[in-house]
Structures are given as C-alpha cells and as structure tokens.
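Engineer: just a sequence and a predicted model for now, questions to come.
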Amino acid sequence: MDYLRTLGSAAVSSIVQKSGLNLPFSLGKKHPPFDALSIWSLYDAIKRVSTPSFDFHWLSTLDSTQDDGSPVSVFEFNSQQRRNLLPVAQNALRKLRITRHPDILKFMDAIEADSTIYIMTERVKPLSTELSLWEATPAKNRQDWLLWGLHRITNALSFINTSCNAAHGTVRISSIFLSATGEWKLGGFELLSDPTEPNAVLVAYAGDLNIHQIPENERGGWAALKDGPVAAIDAYALALLTFNLFNPTISHPAFLDPPFNPPQPSSRGAIPPPLWPSFKKLLNPSPKGRMTPKALLDVGMAESLGESGGFFKGNRLFKICEGLENFGLMTDGERTTLLRTIKDAASTLPRTFATYLILPALLTSLTHTTMSICAPTTIPLVIQLGTLVPSDEYKSVVLEPVVKLFGNPDRGTRMALLDALPEFADKLDKQTTSDKIWPNLQTGFTDTIPIIREATVKAIGLLSDKFTERILNNDILRHLARLQSDPEAPIRTNSIILIGRLGPTLGQNTRRKVLGAACAKALKDSFPPARVAALMACMACAHLFEVEELAGKVVGLVASALVDKEKTVRDQAFKAVSMLVQILEEHAAKMKLLSPGKEP
C-alpha cells in the first residue's frame with residue numbers, strides 16, 4: 001500500500017480495496033478550457049460520505065462510500081503527462097491544506113497516488129469563464145463587480161504575505177475562482193513559498209509555469225527574489241491582474257517591458273481613477289519601493305473617500321456585504337438604509353451575488369426577533385431577489401425559508417408575509433400549504449390585531465385551491481362563521497366575500513348548509529358594504545343552489561333587500577333578483593317541454 005498516500009481527512013475517506021482506489025467523490029462535468037490555463041484539470045463533483053467496514057484480508061477498518069449529494073470541485077494532476085511539475089502540484093496540495101482564510105479556496109480532502117493527485121475543494125468555477133459574460137454589461141456594474149473581487153484577492157494576498165510570510169507567486173486570472181455564492185477565491189498555490197528559504201519552490205519553478213517577468217528578474221533571474229521583500233512578486237503580479245481585469249482587450253502594455261517606465265495616463269484604460277495612483281506604485285521597478293498588497297488594502301479601505309483612496313470601502317457590493325455581516329449590530333435606521341440600497345441596486349447586482357449571498361443573509365436575519373422590525377422591508381426584498389433564482393432552485397432557495405417564517409410569532413413578519421403572498425402563492429404546492437402554512441396561518445383568524453385578521457381572510461382566497469378538503473370544508477368555514485360577527489366591519493365584509501368565492505370548491509352538503517345561512521346573516525349586517533357583498537355572493541353562487549331552494553328561500557332572502565335604506569344595497573338587490581328570476585324562468589321553460597306527470 002506504499003503507492004497510496006492519503007492526506008487530510010482522506011485518512012478516513014480514501015482507501016484502497018481489492019478493486020482499486022475508492023475516491024471520496026464522484027466526478028462530474030469537466031471544465032476543458034481550464035486545462036489550457038493550469039497544470040490541473042477541473043471537475044464538478046459530488047462529495048461522498050464514508051461508512052466503516054471491516055476487511056479481513058487487510059485486517060484493517062476500511063471505508064465504503066456513497067454519494068451524499070454535496071457539490072464540490074476536484075482538481076486533478078496527472079504526473080505521467082507532466083512529471084517535471086510534480087513538485088509544484090505537491091506543493092499546491094500541501095500549502096492549500098494548511099492555509100485557511102475566507103478569501104482562499106477552501107480545502108476539503110485530497111488523495112495522492114503514484115501517478116495522480118486529486119484535491120477536493122468547495123464547489124467553484126474558474127473566474128475566466130465568468131469574465132466573458134460581463135463584457136456586455138454596463139461599465140459601472142462591471143467596475144463595481146471587479147473592484148469587489150479585487151478587494152477579496154488583495155485581502156487574501158495580504159494574509160499570505162504578512163501572516164504566512166510567503167509569496168503566492170502565481171497571481172493571475174487562472175488562479176482565481178468563484179464560489180457557489182459568487183465570491184472570489186484565491187487558489188493556484190503551486191509556487192506558494194518563502195522565496196528566501198533554500199530550494200524555494202517559487203525560485204526553482206517560476207520559469208516552468210510561465211510567470212511574467214518582473215523588473216528584478218532582468219538583473220538576477222528568479223534568484224533575485226531572495227534579496228527582496230517577500231511580497232514584491234505578488235505586488236507586481238497584482239498590478240498585472242488589475243490591468244487585465246479592467247482592460248481585457250489590451251494584451252501587453254508597453255510599461256511592462258524594459259526600461260519599465262511608469263505607466264502614462266493614456267494607458268489607464270478602464271482602471272478606476274481612484275485606483276490608478278496605487279496601481280502605478282504596485283509597478284515600481286524597485287522591489288523595496290513597490291507598494292505591497294497590504295498597503296493597497298489599507299489605501300483602498302480608507303474611511304475618507306478621496307481621489308486616490310477608499311476605492312474598496314466605497315464599493316457598493318463591498319458595502320452591502322459588510323452591512324449584511326454586521327446587520328445584527330446596526331441601528332434600525334442603518335438597516336433601513338442598507339435595505340433601501342439593496343432594493344435600489346437589485347436589478348443591477350450580479351445574479352449569483354444576489355441570489356446565493358444576499359438572499360440567504362436576508363432570510364437568516366428574519367429568524368432573529370430583534371430584527372423583525374425590518375420585516376416589512378426585508379420580505380418584499382426577499383421576494384424581489386427571488387425572481388432571479390432559477391426555477392428549479394426556487395423551492396429550496398426561496399420558498400422553504402419563507403414558509404418557515406410563517407412560524408415566526410412576530411406580527412410584523414406575519415403581516416409582511418401576507419402582503420407579499422400574491423407574489424409567491426402560485427408557486428406553493430398543496431402539501432406545503434396544508435401541512436406547513438395552514439397550522440400557523442390559522443392563528444391569524446383570532447389575532448387581537450384587526451389588520452392581521454383581515455389580511456388572513458384575504459390570504460385564504462389566494463390559497464383556497466391548495467388546501468385539503470377537510471381544511472376547506474371544516475376549519476376555514478368555522479373561522480369564517482365566527483368572523484361574520486367580528487366587531488370590525490371590513491372583516492365581516494371580507495368574510496362573506498370569501499365565502500362566496502369558496503362556494504364552487506365546497507362539497508355539496510357543505511354548500512347547502514353554509515351558503516344560504518352565511519348570506520342571510522350578512523344581509524342583516526349593519527354595514528352596507530357587507531350587505532352588498534352578501535348579495536354578490538348569492539349571485540356568484542346562484543348556480544350552486546338546488547332550484548327548489550333558489551325559488552323557496554334565496555329569492556325571498558334577496559328580495560328583502562329591495563327596500564333596504566341604502567341605495568347601493570337596493571341597486572345590487574334588484575340586479576340579484578333579476579338574475580335569480582332569469583335562472584328560474586329558464587328552468588320553468590324547460591319544465592313545459594316535459595311530458596305531463598314527469599318531474600324535471
């Protein structure tokens with residue numbers, strides 16, 4: 001078993017059985033364009049979960065694995081094809097395994113066999129595949145996105161240079177990836193090392209990985225890195241990355257060639273003006289005088305926005321992320337301002353950023369009762385951002401968290417959900433509505449706040465086709481019968497309106513018991529709109545009554561309103577009587593065609 005070495009958690013999840021290597025993942029789609037940019041092949045994959053088993057042949061505990069469905073990425077290096085680069089692949093694995101930072105690619109597991117290295121990370125995709133999609137977007141939106149991403153990479157480099165006392169060495173587009181939430185992550189650790197150490201990987205293999213020459217190379221080759229600051233190579237590469245991000249159509253600016261003259265304003269291209277002075281400092285031919293990534297981060301995060309500073313701090317995507325991270329510590333006014341900023345920018349935000357970063361953060365904030373005061377603003381924003389979610393993910397990303405909010409006892413949250421219900425009611429299924437929403441929704445019928453009771457009644461009309469027959473014919477009608485005596489006139493009115501709308505969906509026996517009695521009670525209501533609503537309900541359900549009941553009870557019931565003291569009620573009563581009489585006339589006409597002695 002010497003031909004296999006397992007690393008990290010692979011000591012448990014990766015084993016050799018008689019049939020061969022048992023990987024802790026299932027490979028899926030490959031990203032072919034990435035092969036030309038890296039020594040690695042990149043795959044989408046599914047993480048596998050390990051279950052222990054006992055192998056008597058090896059007299060050791062082995063693992064059998066099954067897919068657990070978690071999306072991951074797998075980087076594959078084949079040493080048979082690139083034997084000379086095996087040391088840098090091993091270095092990437094070793095350094096990625098021990099380097100943890102929010103802006104660095106998250107290591108999960110790894111396997112190193114005799115000819116292949118596999119590294120399993122969080123699910124990502126190459127930045128290069130996303131850049132082309134942004135070429136047609138408005139310049140301001142693209143600039144905001146690039147600055148936000150550049151901040152994350154600069155933050156990661158600052159950590160590597162200062163906390164790890166190392167140089168990354170391969171800062172370029174192919175070393176940057178986008179996570180499932182759209183966040184920029186730094187990878188490409190093939191050369192990460194301290195260049196001052198003996199046999200440093202960076203010094204030994206930089207030429208093999210086609211690293212762009214920097215001014216000090218002209219004088220002493222890659223060995224010159226040993227004499228300069230550890231961050232010097234990353235600072236220069238960060239400038240090249242910046243130029244390439246903002247000016248993708250300009251391949252090789254003149255200031256990168258000897259004698260390395262300072263870049264002129266005419267060569268700025270689309271680099272934001274506030275970033276330009278720092279950009280030039282990153283290109284200082286002298287490694288000791290060159291601005292470091294840490295210094296760039298400090299300038300970019302300056303509190304006071306000026307012509308040459310605060311370009312990270314003032315970025316709207318950064319401000320949104322920072323605000324969401326500190327949402328619980330904000331004042332109500334600050335939260336309102338942040339939510340308004342998100343709402344105003346929603347249509348221009350990167351789709352992945354909005355749906356997988358902002359949206360979950362907003363939903364999480366709603367689970368804290370201390371922030372429920374923002375529910376009237378937050379929930380409509382959640383529904384608005386939810387329109388950006390792919391249809392096959394809408395249920396898991398939007399619906400399920402929103403449905404859970406119906407269990408929140410906060411009235412502001414409940415009212416905001418009821419107000420927003422028209423925007424997502426059609427996406428709810430019958431089981432979810434009956435089993436998860438109804439148990440919480442029905443408490444609104446007895447709420448002491450009238451506006452909650454009224455909104456609950458209106459909500460039933462939107463969800464009526466998604467309730468079980470038991471809920472519809474028993475529970476809801478019981479609540480509506482009580483609400484017909486509610487002290488609030490609008491609630492009584494909406495109750496009879498809803499009963500009229502529910503009529504066609506009720507069972508036959510239930511209709512016979514409920515409709516006539518409900519209309520009769522509403523016609524005695526002291527509130528004129530309630531009486532008008534009762535007459536309209538009779539008209540809407542006229543075809544549901546037995547003809548004998550229609551002639552013997554309903555017409556007489558409606559006729560009593562012909563002399564109502566309110567003209568609007570009388571007018572509606574005459575319309576109702578006319579309609580009912582017409583129905584009876586049509587029925588009577590058919591009766592004349594029947595043979596004597598036969599009932600219709």
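Structural biologist: Okay, I see it.

Engineer: tell me which stretches of the stretch 251-400 of the chain form helices.
Structural biologist: 276-282, 293-300, 316-325, 332-345, 351-353, 359-365, 375-386, 394, 400-405 (DSSP state H, counting those that start in this stretch).

Engineer: might one say that K430 is in contact with E469?
Structural biologist: No - the criterion here is C-beta atoms under 8 Å, and K430 misses it with E469 at 10.8 Å. Bear in mind the C-beta positions are built from the backbone N, C-alpha and C, glycine included.

Engineer: now do the contacts for N247.
Structural biologist: G269, A270, I271 (C-beta atoms under 8 Å, 6 or more residues apart in numbering).

Engineer: for G228, state which of these is nearest.
Structural biologist: I271 (25.0 Å; C-beta to C-beta).

Engineer: pLDDT score assigned to the closest one?
Structural biologist: The pLDDT attached to I271 in the predicted structure is 95.

Engineer: number of residues surrounding it?
Structural biologist: For I271, the count of nearby residues is 21 (other C-beta atoms under 10 Å).

Engineer: could you give the number of residues near the residue lying closest to G310 once chain neighbours are set aside?
Structural biologist: Closest residue in space to G310, ignoring its immediate chain neighbours: A302 at 4.6 Å, by C-beta to C-beta, 6 or more residues apart in numbering. Neighbour count of A302, defined by other C-beta under 10 Å: 16.

Engineer: could you measure from A302 over to F312?
Structural biologist: Distance of A302 to F312, computed by C-beta to C-beta, to the nearest Å: 9 Å.

Engineer: ok, now A139?
Structural biologist: 19 Å.

Engineer: can you pull the phi/psi pair for the closest residue to P528 other than its chain neighbours?
Structural biologist: Excluding the flanking residues, the one nearest P528 by C-beta to C-beta, 6+ apart is E566, at 4.3 Å. The phi/psi pair for E566 (degrees, to the nearest 10) reads phi -100, psi 130.

Engineer: what does V72 give?
Structural biologist: phi -140, psi 180.

Engineer: ok, the one 5 residues further on next?
Structural biologist: In this entry, F77 is assigned phi and psi values of phi -120, psi 130 (degrees, to the nearest 10).

Engineer: count the residues that sit near the closest residue to C164 other than its chain neighbours.
Structural biologist: Distances taken as C-beta to C-beta, 6+ apart put T99 closest to C164, at 6.6 Å, once the chain neighbours are dropped. Look at T99: counted by other C-beta under 10 Å, it has 19 neighbours.

Engineer: so who does T99 touch?
Structural biologist: Counting by C-beta under 8 Å, 6+ apart, T99 has contacts F107, I160, C164, F189, L192.

Engineer: ok, back up a step: my guess is the residue nearest to P528 contacts P529. True?
Structural biologist: No - E566 lies out of contact with P529 (C-beta under 8 Å); the separation is 9.3 Å.

Engineer: those two: which has the busier surroundings?
Structural biologist: Per other C-beta under 10 Å, whichever of E566 and P529 has more neighbours is P529, with 18 against 15.

Engineer: which strands and helices lie in contact with the helix or strand harbouring the more buried one?
Structural biologist: In the assignment (DSSP states H and E), P529 maps to helix 528-540. Packing partners of helix 528-540 (3 or more C-beta pairs under 8 Å, 6 or more residues apart in numbering; DSSP states H and E): helix 489-502, helix 508-522, helix 555-559, helix 567-592.

Engineer: pull the CA coordinates from it and hand them back as CSV.
Structural biologist: Output of helix 528-540 as CSV, limited to C-alpha atoms (Å, rounded to 0.1, in the frame of the first residue of the first chain):
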residue,chain,number,x,y,z
PRO,A,528,-73.9,48.4,4.0
PRO,A,529,-70.9,47.1,2.1
ALA,A,530,-71.3,43.8,3.9
ARG,A,531,-74.9,43.6,2.7
VAL,A,532,-73.8,44.4,-0.8
ALA,A,533,-71.2,41.7,-0.6
ALA,A,534,-73.9,39.2,0.6
LEU,A,535,-76.0,39.9,-2.5
MET,A,536,-73.0,39.5,-4.8
ALA,A,537,-72.1,36.2,-3.0
CYS,A,538,-75.7,35.0,-3.7
MET,A,539,-75.3,35.9,-7.4
ALA,A,540,-71.9,34.2,-7.6
